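Q: quick one, fold the following:
(2 chains)
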Protein chains: 2
Amino acid sequence: MTMRIAETLTSELVFVKIKAKERVETIDLLLSELHKIRGVDKETALRDLAANGQAATLRVAVGDNYLAVPHAVTQASKQLVMAVATSPAGILWGEGPDELANVVILLLGPPQTHGLYLRVLSRIARFCKTEGFLPSLLDAQSSLDLIGYLESAESSMEEVAEEPDSPRFCVIGAGPGGMAMAGHLALMGRKVNLYTRNADRLAPVQARGGIDVTGEIQGLAKLDVVTTDPEKAVEHSEVLMIVVPATAHRNIAKIIAPYIKDGQIIVLNPGRTGGALEFAQVLQTVNPVVRPYLAEAQTLLYASRLTNPGQVHIYGIKNSVALAALPAYQTADILPIIRTALPQFVPGDNVLKTGLDNIGAVFHPAITLLNSARIENTNGNFQFYLEGVTPAVASILEAIDQERVAVAEALGIRANTAREWLYLAYNAAGKTLIEAMRANPGYRGINAPSTVHHRYISEDVPASLVPIASIGEMLGVRTPAMRSIIHLASVMHGIDYWAIGRTVDKLGIAGMSVKEIRFLVVGAEMKGPEQKAGNQQAIDYTALVGFGKYGFDGGT
Amino acid sequence: MTMRIAETLTSELVFVKIKAKERVETIDLLLSELHKIRGVDKETALRDLAANGQAATLRVAVGDNYLAVPHAVTQASKQLVMAVATSPAGILWGEGPDELANVVILLLGPPQTHGLYLRVLSRIARFCKTEGFLPSLLDAQSSLDLIGYLESAESSMEEVAEEPDSPRFCVIGAGPGGMAMAGHLALMGRKVNLYTRNADRLAPVQARGGIDVTGEIQGLAKLDVVTTDPEKAVEHSEVLMIVVPATAHRNIAKIIAPYIKDGQIIVLNPGRTGGALEFAQVLQTVNPVVRPYLAEAQTLLYASRLTNPGQVHIYGIKNSVALAALPAYQTADILPIIRTALPQFVPGDNVLKTGLDNIGAVFHPAITLLNSARIENTNGNFQFYLEGVTPAVASILEAIDQERVAVAEALGIRANTAREWLYLAYNAAGKTLIEAMRANPGYRGINAPSTVHHRYISEDVPASLVPIASIGEMLGVRTPAMRSIIHLASVMHGIDYWAIGRTVDKLGIAGMSVKEIRFLVVGAEMKGPEQKAGNQQAIDYTALVGFGKYGFDGGT
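A: Next comes the predicted model:
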């Protein structure tokens, strides 16, 4: 199905210069008309709007005016519907007397149209960047004027299209994680594309006619498009699952940015710490027009290893992995789409939380380092999480974990401890960290890497420990255990991981206060803008579907 | 043999208020008379005085006057001889016009009297602390006056005594190192006492009638006194070999200090870093009168392990271990005594050099830490220096080693690299550190400790890494690899090793300049005193036989 936004409107559904002064009154006006014209069930719609959290109350500064886009996926409507109201004087939208909205776009759609619905939101986000968009709507003297303006603004854009076989996934990366995810999705009957820059990885998949999946799930997983061409891989996909080392995020962002479409969902699996922030910066630079969704998973869904060319063994699939959008209020919009295939994903609070609930940061570098001689003696022929973790090693892991939780706390985030995470992700319980690790069947059979020159250090140090320690430094939280590991890892690899890692500068948050950082990531929560030196570096989040922008006046 | 100093003098050998204005002239005067009265060979005596380095030219401030004690062990004399000269106006003793000596005591003795000779030097050091000592000598109007003053000053002191069977050793500590040293000395026919606080360690030795030595040397080593009574152990010993963990130095010093005799030689095997400084402070507090010699070895002479109760296996005896006295100019005085039994000891530059040539600091904590899981999995059943050190581990060892060498360099000391040390101590050569380690047969068969709660961390971190890193901090030398190891070790043991370790405060050198520190340890070298805040904490080195004292005007 394809459409243009203006086509969903009729003059009855557009109210210019309304007299209503308050949010509830305005939404009632719009829903009443949608009921009359499109048969929308008002009561159900109101309940689902309320359930959608911030989506109902958020307003965004666009130029000198404010836009509100109350939206919900709801059975109240049989089709995707919109209604618009304008108020040059402003409608009371938030808690305070100054929190006004000048333009209101109400969007509702049934679950079947979820893909389309996301792309319509994305289209609205793109409108926001069009010169004079809100003033033009506010200037409209009649409904038809307004619809005419929308039609002309949209004329230079493609139609909003929903892909067939929705949602269609594109997995980017053909390492153990990417192969597991592509195989898993395909074995569940999903249309899956697989992209990697490395043709050698794809040849055996193409030769076998799919991915040979063994372990927890099994079978030959037939894929749709298997390619080294980023354009082909991305073009008809609704969800782009990035499953590459975090140190490759920047490059992958550069490679796929030109081919991203409005409303596509990009998920970093996982972001490690700060992945979405870094990814957003590249997107904004390379393709400043496009309006995708961007999210990160807290960890990789799979414990898996490549066993033979074209073959992946899945040791375990986690029960529950948090996923958060940037900004956070979009999580509720995109998660249902992803969960149709992968219900293991659950809503994460925000990307700071998913980034700081980074258990790889705690486990991987320290265990590797503290077993380095054994790894080199045995080529990793011992069980990494079981034999590699003894009380002495666990004491270091616990110190790193405490530092991570303390940095999160300084950001106002209650991070899960590693022990809590083992329970949430693997149902592995224990009174101490080491007990919980030993109680985790998912760790059985996972050997150590065959070399210390491995992503457990080369990825987790610069993309996990460095950003956490760097944020800690900025906020005055000491992280001596992390710093010790970072330094020893740098010596061991002969690479200055502080220099190449994701420091607060690279995350675009240097010099920001805790309030400013939270606002950037959460998209709301702050009552008034708080200006501080350095915030000019902040990412412009209208680069994403996120309507928010640093410094805007958030709702509640 | 017992004696009093005054007994060695006759009126011919004492010159009061001499006219001589220069050092050469004065020594010639004294030697001429010694030749006449005692048959000393002048030419040989002059050559051996010159060969004794600083001993011939050093002068020490005692109150407002200066004492010079040119001394040498020499075949020029058949017996221990002394001669004295006084010059209220001062004799030009050093390089500059202000470097005068007011009293000169020339001491010579053949090698057979070396023990006595050291005790006479010690007696002179004790005189220096007697109220009005130099002024009384300078006031003497005649030779007999002066001898009479010495007699009365000495009347309250015991006779200077040389022990029979000299040199007699007391080994303090019955761990692997102490048992090896006591066994080795006894098997070479030396009289050896063995002391430890731990009666359980001694019982099997007493039951067997000696130490059962296996390995590089073999046999039942019969000891003289085996005791837990420090007084009995120490009383007739000329050389006290302290072979305990460096963390026990402070306690051992407190235990033996009351029983130390003038002229006894105390050797810390090894001192780790700063051991002699810390030991001297305790001696000065507990027994401020006594005048022993104090030295430290750069490392333990033996690679050994206790195999059964009363049994020690010696894997290797190093070729060459540096030993340095505090202050450094006494090394030449005491080393010949020690070398009669243990010629492996060679002169070290000074205790900063032996303390910084501390290879245990480089190897022990890092290898233990980086093999901690394996140690706990296997109870240390792998070869510590061979299997425990792979290229990854060696890269960390090299970083720590570079930091150690850099701290030494900041103190004006050219420390041996670990690789150089392996060659010097074990004849183990290699192009890289790991090659040299693998070329060392002394490392074969040495397993890892059975637990990470071992002196490789509990001793080497607080007594080696902490002092080096702390000195580095004071001098502006960065030691991030050491600090990383210190921190991770502290976490692993649940002990704040920075808090309990030998920081510059505990070494009594906080706030001192490089020049001040070097002067303290070397006893000479600086042309003029350099005053700086904090030097009040400096140890008073007249507490040792060292005639030096911080702030005195050293010779060259």
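Q: and the strands in the stretch 251-400 of chain A?
A: Remark: strands assigned in the stretch 251-400 of chain A by DSSP state E, counting those that start in this stretch are A:265-268, A:293-297, A:302-308, A:311-317, A:321-325, A:345-347.
Q: ok, now which ones touch A:L92?
A: Taking C-beta atoms under 8 Å, 6 or more residues apart in numbering or on different chains as the definition of contact, the neighbours of A:L92 are A:21-23, A:99-100. C-beta here means a position set from N, CA and C on the backbone, and glycine is covered the same way.
Q: which strands and helices sit next to the top helix by length along chain A?
A: For chain A, the helix that runs over the most residues, judged by DSSP state H, is helix A:391-410. In this structure, helix A:391-410 packs against helix A:351-356, helix A:359-370, helix A:418-426, helix A:433-438, helix A:466-475, helix A:480-493, helix B:372-378, helix B:480-493, with contacts taken as 3 or more C-beta pairs under 8 Å, 6 or more residues apart in numbering or on different chains; DSSP states H and E.
Q: can you lay out these as a markdown table showing mean pLDDT and mean neighbour count?
A: Compiled in a markdown table, these are given as follows (pLDDT from 0 to 100; neighbours: other C-beta atoms under 10 Å in any protein chain shown):
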| stretch | mean pLDDT | mean neighbour count |
| --- | --- | --- |
| helix A:351-356 | 90 | 29 |
| helix A:359-370 | 96 | 26 |
| helix A:418-426 | 87 | 21 |
| helix A:433-438 | 95 | 20 |
| helix A:466-475 | 97 | 24 |
| helix A:480-493 | 98 | 25 |
| helix B:372-378 | 96 | 23 |
| helix B:480-493 | 98 | 25 |
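Q: for A:V213, the count of nearby residues, please.
A: As a burial measure, the neighbour count of A:V213 was computed by other C-beta atoms under 10 Å in any protein chain shown and equals 23.
Q: so it, which of the three states?
A: On the three-state scheme (DSSP: H, G, I helix; E, B strand; the rest coil), A:V213 is labelled strand.
Q: residues contacting it?
A: A:V213 makes contacts with A:180, A:183-184, A:187, A:219-221, A:311-312, A:314, as judged by C-beta under 8 Å, 6+ apart.
Q: among the residues you listed, the buried ones, what's the PyMOL command?
A: The following PyMOL selection, which keeps only the buried ones among the contacts of A:V213, applies the criterion 16 or more other C-beta atoms under 10 Å in any protein chain shown:
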select buried, chain A and resi 180+183+184+187+221+311+312+314
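Q: quick check: the residue nearest to A:I255 when sequence neighbours are not counted vs chain B, distance?
A: Sequence neighbours aside, A:P230 is the residue nearest to A:I255 in space, at 5.1 Å (criterion: C-beta to C-beta, 6 or more residues apart in numbering or on different chains). Taken as C-beta to the nearest C-beta, to the nearest Å, the spacing of A:P230 relative to chain B amounts to 36 Å.
Q: surely A:P230 and A:A253 touch.
A: No: when contacts are counted by C-beta atoms under 8 Å, A:P230 is not listed as touching A:A253 (11.0 Å).
Q: more neighbours, these two?
A: With other C-beta under 10 Å as the criterion, A:P230 and A:A253 differ in neighbour count, and A:A253 comes out ahead with 25 against 21.
Q: gap between the two ends of stretch A:382-390?
A: One end of stretch A:382-390 sits 13 Å from the other (C-alpha to C-alpha, to the nearest Å).
Q: got the contact list for A:M437?
A: Taking C-beta under 8 Å, 6+ apart as the contact definition, A:M437 lies against A:385-386, A:389, A:394, A:422, A:428, A:430, A:443.
Q: now with 6 Å?
A: Shown in contact with A:M437 (C-beta atoms under 6 Å, 6 or more residues apart in numbering or on different chains): A:385, A:389.
Q: convert the C-alpha atoms of stretch A:146-160 to PDB, please.
A: Once side chains and other backbone atoms are set aside, the C-alpha atoms of stretch A:146-160 remain, and they are given as PDB (Å, rounded to 0.1, in the frame of the first residue of the first chain):
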ATOM      1  CA  LEU A 146      -4.200  23.600   4.700                       C
ATOM      2  CA  ILE A 147      -4.700  20.400   2.700                       C
ATOM      3  CA  GLY A 148      -3.500  22.300  -0.400                       C
ATOM      4  CA  TYR A 149      -0.300  23.300   1.400                       C
ATOM      5  CA  LEU A 150       0.400  19.700   2.500                       C
ATOM      6  CA  GLU A 151      -0.200  18.500  -1.000                       C
ATOM      7  CA  SER A 152       2.300  20.900  -2.400                       C
ATOM      8  CA  ALA A 153       4.800  20.200   0.300                       C
ATOM      9  CA  GLU A 154       4.500  16.500  -0.300                       C
ATOM     10  CA  SER A 155       4.600  16.700  -4.100                       C
ATOM     11  CA  SER A 156       8.400  16.500  -4.200                       C
ATOM     12  CA  MET A 157       8.500  13.500  -1.900                       C
ATOM     13  CA  GLU A 158       7.900   9.900  -2.700                       C
ATOM     14  CA  GLU A 159       4.600   8.200  -1.700                       C
ATOM     15  CA  VAL A 160       4.600   6.700   1.800                       C
END
